[in-house]
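Student: what's the 3D shape of this:
(2 chains)
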Amino acid sequence: MSGLLAPADWAAIGLTLRLAMATTVLLLLVALPLAWWLAGSASRWRAPVAALVTLPLVLPPTVLGFYLLVLMGPDGPLGRLTQSLGWGLLSFTFTGLLIGSVVYSLPFAVQPLRDAFEAAGKRPLEVAQTLGATPLQAFVSVVLPLARPGLLTAAVLTFAHTIGEFGVVLMIGGSIPGRTQVVSTQIYGHVEGMDYAAAHTLAVMLLVFSFAVLLALSLLGRRRMRVLP
Amino acid sequence: MFALLAGAASAAEVTVAVAANFTAPMQRLAALFEQQTGHRVLASYGSTGKFFAQIGNGAPFDVFLSADDETPAKLEQGGAAVPGTRLTYAVGRLALWSRTAGMVDAKGEVLRGDGFDRLAIADPRLAPYGAAAVQTLRSLSLLEHLQPRFVTGENITQAHQFVATGNAPLGFVALSQVQVDGRIGEGSAWVVPAHLHEPIVQQAVLLTKGRDNPAARALLDFLRSEPARALIGRYGYDLARP
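Tutor: Next up, the predicted model:
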(Lines give C-alpha, C1' and ligand atoms only; values in the text may rest on other atoms or scores of the structure.)
Protein backbone atom coordinates (compact mmCIF):
# COMPACT_ATOMS: atom_id res chain seq x y z
CA MET A 1 0.00 0.00 0.00
CA SER A 2 2.78 2.41 0.93
CA GLY A 3 4.25 1.88 -2.53
CA LEU A 4 1.17 3.38 -4.13
CA LEU A 5 1.31 6.64 -2.23
CA ALA A 6 4.06 9.21 -1.84
CA PRO A 7 5.17 10.27 1.66
CA ALA A 8 3.40 13.61 1.13
CA ASP A 9 0.13 11.68 0.57
CA TRP A 10 0.54 9.78 3.84
CA ALA A 11 1.34 13.04 5.64
CA ALA A 12 -1.82 14.53 4.17
CA ILE A 13 -3.89 11.55 5.37
CA GLY A 14 -2.53 11.85 8.91
CA LEU A 15 -3.09 15.59 8.97
CA THR A 16 -6.64 15.27 7.62
CA LEU A 17 -7.57 12.81 10.37
CA ARG A 18 -6.04 15.03 13.06
CA LEU A 19 -7.85 18.06 11.68
CA ALA A 20 -11.20 16.25 11.44
CA MET A 21 -10.95 14.91 14.99
CA ALA A 22 -9.80 18.20 16.50
CA THR A 23 -12.55 20.07 14.61
CA THR A 24 -15.21 17.62 15.80
CA VAL A 25 -14.19 17.91 19.46
CA LEU A 26 -13.78 21.68 19.42
CA LEU A 27 -16.92 22.29 17.41
CA LEU A 28 -19.08 20.13 19.70
CA LEU A 29 -17.80 22.13 22.68
CA VAL A 30 -18.82 25.33 20.88
CA ALA A 31 -22.06 24.00 19.41
CA LEU A 32 -23.54 22.39 22.55
CA PRO A 33 -24.10 25.60 24.53
CA LEU A 34 -24.93 27.53 21.36
CA ALA A 35 -27.56 25.01 20.22
CA TRP A 36 -29.00 24.78 23.74
CA TRP A 37 -29.35 28.55 23.86
CA LEU A 38 -30.89 28.66 20.38
CA ALA A 39 -33.35 25.90 21.31
CA GLY A 40 -34.60 27.54 24.49
CA SER A 41 -33.85 31.23 24.54
CA ALA A 42 -36.55 33.88 24.33
CA SER A 43 -33.97 36.55 23.52
CA ARG A 44 -34.61 38.85 20.60
CA TRP A 45 -31.06 37.97 19.46
CA ARG A 46 -32.09 34.38 18.86
CA ALA A 47 -33.22 34.75 15.25
CA PRO A 48 -30.22 36.89 14.15
CA VAL A 49 -27.78 34.48 15.82
CA ALA A 50 -29.51 31.48 14.23
CA ALA A 51 -29.19 33.15 10.83
CA LEU A 52 -25.53 34.00 11.48
CA VAL A 53 -24.76 30.38 12.39
CA THR A 54 -26.29 29.22 9.09
CA LEU A 55 -24.35 31.71 6.95
CA PRO A 56 -21.31 29.47 6.25
CA LEU A 57 -23.73 27.39 4.13
CA VAL A 58 -24.31 30.33 1.82
CA LEU A 59 -20.83 31.51 0.88
CA PRO A 60 -18.85 29.40 -1.58
CA PRO A 61 -16.05 27.77 0.47
CA THR A 62 -13.25 29.48 -1.45
CA VAL A 63 -14.92 32.84 -0.83
CA LEU A 64 -15.35 32.01 2.85
CA GLY A 65 -11.68 30.98 2.82
CA PHE A 66 -10.68 34.24 1.19
CA TYR A 67 -12.40 36.26 3.90
CA LEU A 68 -10.79 34.11 6.58
CA LEU A 69 -7.45 34.84 4.89
CA VAL A 70 -8.15 38.57 5.06
CA LEU A 71 -9.43 38.26 8.64
CA MET A 72 -6.28 36.40 9.72
CA GLY A 73 -3.97 38.68 7.74
CA PRO A 74 -2.00 41.58 9.24
CA ASP A 75 -4.82 44.05 8.44
CA GLY A 76 -7.65 41.84 9.72
CA PRO A 77 -8.99 42.06 13.28
CA LEU A 78 -8.00 38.48 14.07
CA GLY A 79 -4.53 38.97 12.58
CA ARG A 80 -4.04 42.17 14.60
CA LEU A 81 -5.09 40.37 17.77
CA THR A 82 -2.81 37.34 17.26
CA GLN A 83 0.11 39.57 16.33
CA SER A 84 -0.34 41.80 19.39
CA LEU A 85 -0.36 38.63 21.51
CA GLY A 86 2.94 37.61 19.92
CA TRP A 87 1.46 34.53 18.19
CA GLY A 88 2.14 35.73 14.68
CA LEU A 89 -0.39 35.12 11.91
CA LEU A 90 -2.73 32.12 11.97
CA SER A 91 -2.90 31.71 8.19
CA PHE A 92 -0.89 28.72 6.95
CA THR A 93 -0.92 27.10 10.42
CA PHE A 94 -2.80 24.10 11.81
CA THR A 95 -4.56 26.38 14.30
CA GLY A 96 -5.70 28.57 11.42
CA LEU A 97 -7.09 25.53 9.58
CA LEU A 98 -8.83 24.41 12.78
CA ILE A 99 -10.55 27.78 13.17
CA GLY A 100 -11.52 27.78 9.51
CA SER A 101 -12.93 24.25 9.80
CA VAL A 102 -14.96 25.14 12.89
CA VAL A 103 -16.53 28.12 11.12
CA TYR A 104 -17.10 26.12 7.95
CA SER A 105 -18.88 23.24 9.72
CA LEU A 106 -20.69 25.31 12.35
CA PRO A 107 -24.21 24.86 10.90
CA PHE A 108 -23.65 21.11 10.50
CA ALA A 109 -23.08 20.75 14.24
CA VAL A 110 -25.50 23.33 15.59
CA GLN A 111 -28.57 22.37 13.56
CA PRO A 112 -28.93 18.69 14.58
CA LEU A 113 -28.19 19.56 18.22
CA ARG A 114 -30.74 22.33 18.21
CA ASP A 115 -33.36 20.02 16.70
CA ALA A 116 -32.60 17.37 19.33
CA PHE A 117 -32.82 19.85 22.19
CA GLU A 118 -36.08 21.24 20.86
CA ALA A 119 -37.51 17.72 20.52
CA ALA A 120 -36.52 16.89 24.10
CA GLY A 121 -38.10 20.08 25.38
CA LYS A 122 -37.54 21.86 28.69
CA ARG A 123 -39.63 19.45 30.71
CA PRO A 124 -37.02 16.74 31.55
CA LEU A 125 -34.61 19.43 32.72
CA GLU A 126 -37.23 20.99 34.95
CA VAL A 127 -38.21 17.63 36.43
CA ALA A 128 -34.58 16.78 37.17
CA GLN A 129 -34.14 20.13 38.85
CA THR A 130 -37.18 19.70 41.06
CA LEU A 131 -35.61 16.37 42.08
CA GLY A 132 -32.60 18.33 43.32
CA ALA A 133 -30.17 18.24 40.40
CA THR A 134 -28.14 21.37 39.59
CA PRO A 135 -28.73 22.76 36.06
CA LEU A 136 -25.36 21.36 34.89
CA GLN A 137 -26.05 17.92 36.43
CA ALA A 138 -29.49 17.87 34.87
CA PHE A 139 -28.08 18.88 31.49
CA VAL A 140 -25.34 16.24 31.52
CA SER A 141 -27.33 13.34 32.96
CA VAL A 142 -30.79 13.99 31.49
CA VAL A 143 -30.74 16.28 28.46
CA LEU A 144 -27.56 15.00 26.79
CA PRO A 145 -28.64 11.33 26.80
CA LEU A 146 -31.99 12.38 25.32
CA ALA A 147 -30.17 14.37 22.65
CA ARG A 148 -27.75 11.57 21.85
CA PRO A 149 -28.98 10.94 18.27
CA GLY A 150 -28.55 14.64 17.53
CA LEU A 151 -25.12 14.63 19.13
CA LEU A 152 -24.09 11.67 17.01
CA THR A 153 -25.42 13.27 13.85
CA ALA A 154 -23.59 16.51 14.65
CA ALA A 155 -20.33 14.66 15.24
CA VAL A 156 -20.63 12.56 12.08
CA LEU A 157 -21.54 15.52 9.89
CA THR A 158 -18.72 17.65 11.28
CA PHE A 159 -16.17 14.89 10.90
CA ALA A 160 -17.24 14.03 7.35
CA HIS A 161 -17.56 17.65 6.31
CA THR A 162 -14.04 18.39 7.55
CA ILE A 163 -12.56 15.34 5.79
CA GLY A 164 -14.03 16.62 2.53
CA GLU A 165 -13.25 20.27 3.22
CA PHE A 166 -11.46 21.84 0.30
CA GLY A 167 -12.06 25.47 -0.58
CA VAL A 168 -11.36 26.90 2.86
CA VAL A 169 -8.15 24.89 3.25
CA LEU A 170 -7.05 25.81 -0.25
CA MET A 171 -7.33 29.49 0.59
CA ILE A 172 -5.80 29.64 4.07
CA GLY A 173 -3.59 26.53 4.04
CA GLY A 174 -0.63 27.31 1.81
CA SER A 175 -0.14 23.58 1.20
CA ILE A 176 2.68 23.01 3.69
CA PRO A 177 3.42 19.24 3.88
CA GLY A 178 2.52 17.80 7.28
CA ARG A 179 1.10 21.10 8.52
CA THR A 180 -1.62 22.33 6.19
CA GLN A 181 -1.64 19.94 3.22
CA VAL A 182 -4.77 17.79 3.54
CA VAL A 183 -6.09 14.92 1.42
CA SER A 184 -8.61 16.94 -0.58
CA THR A 185 -6.06 19.57 -1.67
CA GLN A 186 -3.55 16.81 -2.36
CA ILE A 187 -6.01 15.00 -4.67
CA TYR A 188 -6.78 18.28 -6.38
CA GLY A 189 -3.05 18.91 -6.83
CA HIS A 190 -2.62 15.49 -8.42
CA VAL A 191 -5.52 16.17 -10.80
CA GLU A 192 -4.20 19.62 -11.70
CA GLY A 193 -0.73 18.14 -12.16
CA MET A 194 -2.25 15.55 -14.52
CA ASP A 195 -1.05 12.73 -12.23
CA TYR A 196 -4.39 10.97 -12.46
CA ALA A 197 -3.13 7.63 -11.10
CA ALA A 198 -2.08 9.17 -7.79
CA ALA A 199 -5.33 11.15 -7.67
CA HIS A 200 -7.42 7.99 -8.20
CA THR A 201 -5.54 6.03 -5.52
CA LEU A 202 -5.94 8.75 -2.91
CA ALA A 203 -9.56 9.44 -3.86
CA VAL A 204 -10.51 5.76 -3.61
CA MET A 205 -8.84 5.54 -0.19
CA LEU A 206 -10.69 8.64 0.96
CA LEU A 207 -14.03 7.30 -0.26
CA VAL A 208 -13.58 3.81 1.18
CA PHE A 209 -12.41 5.16 4.52
CA SER A 210 -15.22 7.71 4.73
CA PHE A 211 -17.83 5.15 3.75
CA ALA A 212 -16.59 2.77 6.44
CA VAL A 213 -16.60 5.46 9.13
CA LEU A 214 -20.07 6.72 8.19
CA LEU A 215 -21.45 3.19 8.01
CA ALA A 216 -19.97 2.26 11.39
CA LEU A 217 -21.35 5.37 13.03
CA SER A 218 -24.74 4.88 11.48
CA LEU A 219 -24.92 1.25 12.70
CA LEU A 220 -23.65 2.32 16.12
CA GLY A 221 -26.24 5.08 16.30
CA ARG A 222 -29.08 2.74 15.42
CA ARG A 223 -28.05 0.19 18.04
CA ARG A 224 -27.81 2.87 20.72
CA MET A 225 -31.15 4.30 19.80
CA ARG A 226 -32.81 0.91 20.07
CA VAL A 227 -31.71 0.73 23.71
CA LEU A 228 -33.54 3.96 24.39
CA PRO A 229 -37.26 3.66 25.20
CA MET B 1 -21.56 27.58 -18.12
CA PHE B 2 -20.78 25.00 -20.77
CA ALA B 3 -24.41 24.84 -21.85
CA LEU B 4 -24.34 28.59 -22.22
CA LEU B 5 -21.17 28.50 -24.29
CA ALA B 6 -22.42 25.71 -26.51
CA GLY B 7 -25.76 27.40 -27.02
CA ALA B 8 -24.14 30.63 -28.08
CA ALA B 9 -21.59 29.09 -30.45
CA SER B 10 -21.81 30.23 -34.06
CA ALA B 11 -19.39 30.93 -36.92
CA ALA B 12 -18.43 34.36 -35.70
CA GLU B 13 -17.85 33.36 -32.11
CA VAL B 14 -14.72 31.90 -30.61
CA THR B 15 -14.60 30.25 -27.21
CA VAL B 16 -11.18 30.52 -25.60
CA ALA B 17 -9.68 28.87 -22.54
CA VAL B 18 -7.11 31.25 -21.10
CA ALA B 19 -4.42 30.62 -18.48
CA ALA B 20 -5.21 32.65 -15.34
CA ASN B 21 -1.99 34.70 -15.43
CA PHE B 22 -3.04 36.11 -18.83
CA THR B 23 -6.47 37.32 -17.65
CA ALA B 24 -5.82 41.06 -17.66
CA PRO B 25 -4.13 41.29 -21.08
CA MET B 26 -6.67 38.89 -22.63
CA GLN B 27 -9.57 41.12 -21.63
CA ARG B 28 -7.95 44.03 -23.49
CA LEU B 29 -6.93 41.81 -26.41
CA ALA B 30 -10.45 40.41 -26.75
CA ALA B 31 -11.95 43.89 -26.90
CA LEU B 32 -9.42 44.92 -29.56
CA PHE B 33 -9.99 41.72 -31.55
CA GLU B 34 -13.77 42.14 -31.47
CA GLN B 35 -13.39 45.74 -32.60
CA GLN B 36 -11.09 44.80 -35.49
CA THR B 37 -12.85 41.70 -36.79
CA GLY B 38 -16.45 41.80 -35.61
CA HIS B 39 -16.07 38.30 -34.19
CA ARG B 40 -17.09 37.64 -30.62
CA VAL B 41 -14.80 36.22 -27.94
CA LEU B 42 -16.11 34.07 -25.08
CA ALA B 43 -13.20 33.64 -22.70
CA SER B 44 -12.90 31.34 -19.68
CA TYR B 45 -10.03 31.87 -17.27
CA GLY B 46 -8.49 29.13 -15.16
CA SER B 47 -5.54 26.92 -14.52
CA THR B 48 -3.80 25.09 -17.34
CA GLY B 49 -4.12 21.71 -15.60
CA LYS B 50 -7.87 22.13 -15.20
CA PHE B 51 -8.31 23.12 -18.83
CA PHE B 52 -6.24 20.12 -19.91
CA ALA B 53 -8.64 17.80 -18.07
CA GLN B 54 -11.70 19.62 -19.41
CA ILE B 55 -10.51 19.74 -23.03
CA GLY B 56 -9.60 16.06 -22.88
CA ASN B 57 -13.17 15.42 -21.75
CA GLY B 58 -14.95 17.33 -24.46
CA ALA B 59 -15.06 20.94 -23.24
CA PRO B 60 -16.28 23.16 -26.08
CA PHE B 61 -13.24 25.41 -26.47
CA ASP B 62 -11.94 26.47 -29.88
CA VAL B 63 -8.63 27.95 -28.78
CA PHE B 64 -6.44 27.36 -25.74
CA LEU B 65 -3.96 29.89 -24.37
CA SER B 66 -1.83 27.80 -22.06
CA ALA B 67 0.55 28.94 -19.32
CA ASP B 68 3.23 26.60 -20.68
CA ASP B 69 4.36 24.91 -23.89
CA GLU B 70 4.06 21.31 -22.66
CA THR B 71 0.29 21.16 -22.32
CA PRO B 72 -0.47 22.32 -25.89
CA ALA B 73 2.06 19.76 -27.15
CA LYS B 74 0.38 17.08 -25.07
CA LEU B 75 -3.05 18.04 -26.43
CA GLU B 76 -1.67 17.89 -29.95
CA GLN B 77 -0.26 14.40 -29.36
CA GLY B 78 -3.57 13.29 -27.88
CA GLY B 79 -5.50 14.52 -30.91
CA ALA B 80 -7.36 17.28 -29.12
CA ALA B 81 -5.43 20.06 -30.87
CA VAL B 82 -4.77 20.72 -34.55
CA PRO B 83 -1.14 19.86 -35.45
CA GLY B 84 1.04 22.74 -36.61
CA THR B 85 -1.04 25.49 -35.03
CA ARG B 86 0.98 26.06 -31.85
CA LEU B 87 2.32 29.56 -31.38
CA THR B 88 4.24 31.27 -28.59
CA TYR B 89 2.12 34.28 -27.68
CA ALA B 90 4.07 35.39 -24.63
CA VAL B 91 7.13 34.57 -22.56
CA GLY B 92 6.39 35.02 -18.88
CA ARG B 93 8.59 37.00 -16.52
CA LEU B 94 8.86 36.28 -12.83
CA ALA B 95 8.92 38.95 -10.12
CA LEU B 96 9.68 38.84 -6.40
CA TRP B 97 7.05 41.14 -4.97
CA SER B 98 6.02 42.68 -1.66
CA ARG B 99 3.13 45.04 -1.09
CA THR B 100 5.42 46.98 1.28
CA ALA B 101 7.36 49.76 -0.46
CA GLY B 102 11.11 49.37 -0.09
CA MET B 103 10.97 45.79 1.19
CA VAL B 104 12.23 44.19 -2.01
CA ASP B 105 15.44 45.76 -3.40
CA ALA B 106 16.28 45.98 -7.09
CA LYS B 107 18.64 42.98 -6.87
CA GLY B 108 16.60 40.60 -4.74
CA GLU B 109 19.17 40.71 -1.90
CA VAL B 110 16.22 40.59 0.53
CA LEU B 111 16.13 36.82 -0.10
CA ARG B 112 19.50 36.43 1.65
CA GLY B 113 18.32 38.13 4.85
CA ASP B 114 15.96 37.03 7.59
CA GLY B 115 13.48 39.88 7.27
CA PHE B 116 10.60 37.57 6.31
CA ASP B 117 9.12 34.40 7.75
CA ARG B 118 7.06 33.31 4.75
CA LEU B 119 7.72 33.26 1.04
CA ALA B 120 4.72 32.71 -1.23
CA ILE B 121 5.18 30.71 -4.42
CA ALA B 122 2.86 28.94 -6.82
CA ASP B 123 2.93 25.15 -6.65
CA PRO B 124 6.02 24.20 -8.69
CA ARG B 125 4.36 20.92 -9.71
CA LEU B 126 1.39 22.72 -11.24
CA ALA B 127 2.34 26.25 -12.21
CA PRO B 128 5.15 27.19 -14.61
CA TYR B 129 5.77 30.32 -12.53
CA GLY B 130 6.17 28.16 -9.42
CA ALA B 131 8.68 25.95 -11.22
CA ALA B 132 10.55 29.05 -12.38
CA ALA B 133 10.62 30.38 -8.81
CA VAL B 134 12.18 27.15 -7.57
CA GLN B 135 14.73 27.21 -10.42
CA THR B 136 15.60 30.80 -9.52
CA LEU B 137 16.21 29.93 -5.89
CA ARG B 138 18.31 26.99 -6.98
CA SER B 139 20.37 29.26 -9.26
CA LEU B 140 20.93 31.54 -6.25
CA SER B 141 21.81 28.53 -4.05
CA LEU B 142 19.01 29.54 -1.69
CA LEU B 143 16.49 26.76 -2.31
CA GLU B 144 17.26 24.55 0.69
CA HIS B 145 17.65 27.55 2.96
CA LEU B 146 14.29 29.07 2.01
CA GLN B 147 12.14 25.99 1.38
CA PRO B 148 10.93 25.80 5.02
CA ARG B 149 9.43 29.28 4.60
CA PHE B 150 7.39 28.39 1.50
CA VAL B 151 3.66 28.92 1.52
CA THR B 152 2.35 27.41 -1.67
CA GLY B 153 -0.58 28.68 -3.68
CA GLU B 154 -2.40 26.35 -6.00
CA ASN B 155 -1.69 28.72 -8.86
CA ILE B 156 0.01 32.05 -9.44
CA THR B 157 -3.20 33.94 -8.69
CA GLN B 158 -3.24 32.51 -5.18
CA ALA B 159 0.45 33.19 -4.60
CA HIS B 160 -0.28 36.80 -5.52
CA GLN B 161 -3.27 36.80 -3.16
CA PHE B 162 -1.15 35.59 -0.21
CA VAL B 163 1.17 38.56 -0.72
CA ALA B 164 -1.56 41.09 -1.57
CA THR B 165 -3.42 40.33 1.68
CA GLY B 166 -0.17 40.56 3.67
CA ASN B 167 -0.37 36.96 4.88
CA ALA B 168 3.03 36.43 3.26
CA PRO B 169 5.40 39.42 3.35
CA LEU B 170 6.78 38.61 -0.08
CA GLY B 171 6.46 36.07 -2.84
CA PHE B 172 7.20 35.09 -6.41
CA VAL B 173 4.45 36.25 -8.75
CA ALA B 174 4.05 36.82 -12.47
CA LEU B 175 5.36 40.22 -13.47
CA SER B 176 2.12 40.67 -15.38
CA GLN B 177 0.22 40.61 -12.07
CA VAL B 178 2.07 43.55 -10.54
CA GLN B 179 3.08 45.58 -13.56
CA VAL B 180 0.72 48.25 -14.84
CA ASP B 181 1.67 49.97 -18.08
CA GLY B 182 5.35 49.27 -17.85
CA ARG B 183 6.02 49.84 -14.14
CA ILE B 184 5.34 48.22 -10.75
CA GLY B 185 1.92 49.38 -9.61
CA GLU B 186 2.17 48.97 -5.84
CA GLY B 187 4.79 47.97 -3.26
CA SER B 188 8.25 46.85 -4.30
CA ALA B 189 9.50 44.22 -6.69
CA TRP B 190 12.57 42.62 -8.18
CA VAL B 191 12.12 41.56 -11.79
CA VAL B 192 13.93 38.24 -11.80
CA PRO B 193 16.56 38.13 -14.59
CA ALA B 194 15.40 35.70 -17.24
CA HIS B 195 18.68 33.72 -17.17
CA LEU B 196 18.01 32.52 -13.59
CA HIS B 197 15.24 30.16 -14.73
CA GLU B 198 14.10 28.35 -17.83
CA PRO B 199 11.95 30.54 -20.05
CA ILE B 200 8.24 30.46 -19.23
CA VAL B 201 7.05 29.86 -22.76
CA GLN B 202 3.29 30.33 -23.05
CA GLN B 203 1.79 28.76 -26.14
CA ALA B 204 -1.60 29.00 -27.78
CA VAL B 205 -3.07 26.24 -29.91
CA LEU B 206 -6.10 25.68 -32.12
CA LEU B 207 -8.22 22.90 -30.64
CA THR B 208 -9.89 20.24 -32.74
CA LYS B 209 -13.31 21.68 -31.88
CA GLY B 210 -12.29 25.01 -33.45
CA ARG B 211 -10.78 23.53 -36.61
CA ASP B 212 -13.50 24.87 -38.91
CA ASN B 213 -14.21 28.05 -36.99
CA PRO B 214 -12.88 31.06 -38.93
CA ALA B 215 -13.03 33.22 -35.79
CA ALA B 216 -10.70 30.79 -34.01
CA ARG B 217 -8.05 30.99 -36.73
CA ALA B 218 -8.52 34.76 -36.88
CA LEU B 219 -7.82 35.00 -33.15
CA LEU B 220 -4.56 33.06 -33.49
CA ASP B 221 -3.52 35.34 -36.39
CA PHE B 222 -4.43 38.34 -34.29
CA LEU B 223 -2.14 37.18 -31.45
CA ARG B 224 0.77 37.39 -33.95
CA SER B 225 -0.13 40.94 -35.03
CA GLU B 226 1.88 43.99 -34.00
CA PRO B 227 -0.86 45.74 -31.96
CA ALA B 228 -1.49 42.55 -29.97
CA ARG B 229 2.22 42.02 -29.34
CA ALA B 230 2.69 45.61 -28.18
CA LEU B 231 -0.18 45.23 -25.73
CA ILE B 232 1.17 41.93 -24.40
CA GLY B 233 4.57 43.55 -23.89
CA ARG B 234 3.10 46.35 -21.81
CA TYR B 235 1.78 43.77 -19.34
CA GLY B 236 5.26 42.55 -18.47
CA TYR B 237 5.68 39.65 -20.87
CA ASP B 238 8.61 39.12 -23.21
CA LEU B 239 7.77 38.24 -26.78
CA ALA B 240 9.03 35.46 -28.98
CA ARG B 241 10.50 36.46 -32.31
CA PRO B 242 7.66 36.75 -34.84
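
Student: contacts and neighbour counts: CA atoms only from here.
Tutor: OK.

Student: Let me see the contact set for the residue nearest the centre of chain A.
Tutor: Using Cα atoms, centre = their mean, the residue of chain A that lies closest to the mean C-alpha position is residue A:158, 3.8 Å off. Residue A:158 sits next to A:20, A:23, A:24, A:27, A:105, A:106, A:108, A:109 when contact means Cα atoms under 8 Å, 6 or more residues apart in numbering or on different chains.

Student: again, only this time at 10 Å
Tutor: By Cα atoms under 10 Å, 6 or more residues apart in numbering or on different chains, the contact set of residue A:158 is A:20-21, A:23-25, A:27-28, A:101-102, A:104-110, A:152, A:164.

Student: Among those residues, which lie within helices?
Tutor: Taking DSSP state H, the ones among the contacts of residue A:158 that sit in helices are A:20-21, A:23-25, A:27-28, A:101-102, A:104-110, A:152.

Student: And the residues you listed, which of them are buried?
Tutor: A:20-21, A:23-24, A:27-28, A:101-102, A:104-110, A:152 (16 or more other Cα atoms under 10 Å in any protein chain shown).

Student: just so I have it, where are all the helices in the chain?
Tutor: Just so you know, I chose chain A. Going by DSSP H, chain A shows helices at A:7-40, A:46-54, A:61-72, A:77-84, A:94-120, A:123-130, A:135-138, A:144-146, A:148-163, A:167-173, A:183-192, A:196-227.

Student: Wait, chain B was what I had in mind.
Tutor: Using DSSP H, helices in chain B cover B:2-8, B:23-37, B:48-56, B:70-77, B:128-139, B:143-146, B:156-164, B:175-178, B:214-224, B:226-234.

Student: How is chain B partitioned into domains?
Tutor: Per automatic domain parsing, the structural domains of chain B span B:2-91+B:199-234, B:94-191.

Student: any idea which of those domains is most buried?
Tutor: domain B:94-191 (a mean of 20; mean count of other Cα atoms under 10 Å in any protein chain shown).

Student: how about that domain, does it get close to chain A?
Tutor: Yes. Interface with chain A: domain B:94-191 contributes B:117-118, B:120-127, B:148-155, B:158-159, B:161-169 (Cα under 10 Å from any Cα of the partner chain).

Student: where's the nearest residue to residue B:26 once chain neighbours are set aside relative to residue A:85, distance?
Tutor: Spatial nearest neighbour of residue B:26, excluding adjacent residues (Cα to Cα, 6 or more residues apart in numbering or on different chains): residue B:18 at 7.8 Å. In this view, residue B:18 and residue A:85 are 44 Å apart by Cα to Cα, to the nearest Å.

Student: what does residue B:38 give?
Tutor: 59 Å.

Student: If I look at the residue nearest to residue B:26, what pLDDT would I see?
Tutor: Residue B:18 carries a pLDDT score of 94 in this model.

Student: who touches it in this structure?
Tutor: B:26, B:43-48, B:51, B:63-67, B:204.

Student: That one pairs with what?
Tutor: Residue B:18 has the following beta-bridge partners by DSSP bridges: residue B:45, residue B:65.

Student: And it, how far from chain A?
Tutor: Per Cα to the nearest Cα, to the nearest Å, residue B:18 is found 15 Å from chain A.

Student: now do residue B:102
Tutor: For residue B:102, the distance to chain A - Cα to the nearest Cα - is 18 Å.

Student: Is it correct that that residue is in contact with residue B:189?
Tutor: Yes. Judged on Cα atoms under 10 Å, residue B:102 makes contact with residue B:189 at a distance of 8.5 Å.

Student: what residues does chain A put near chain B?
Tutor: Residues of chain A lying near chain B (Cα under 10 Å from any Cα): A:66, A:69-76, A:79, A:88-92, A:170-177, A:180-181, A:185, A:188-194, A:196.

Student: And those, which of them are buried?
Tutor: Buried among these by 16+ other Cα under 10 Å: A:66, A:69-74, A:76, A:79, A:88-92, A:170-177, A:180-181, A:185, A:188-194, A:196.

Student: low pLDDT regions in the chain?
Tutor: As the question left the chain open, I've gone with chain A. A:1-3, A:222-229 (pLDDT under 70).

Student: Not quite, go with chain B.
Tutor: Using pLDDT under 70, chain B drops low at B:1-11, B:242.

Student: Report the buried residues of stretch A:40-60.
Tutor: So for stretch A:40-60, counting by 16+ other Cα under 10 Å, buried means A:50, A:53, A:54, A:56.
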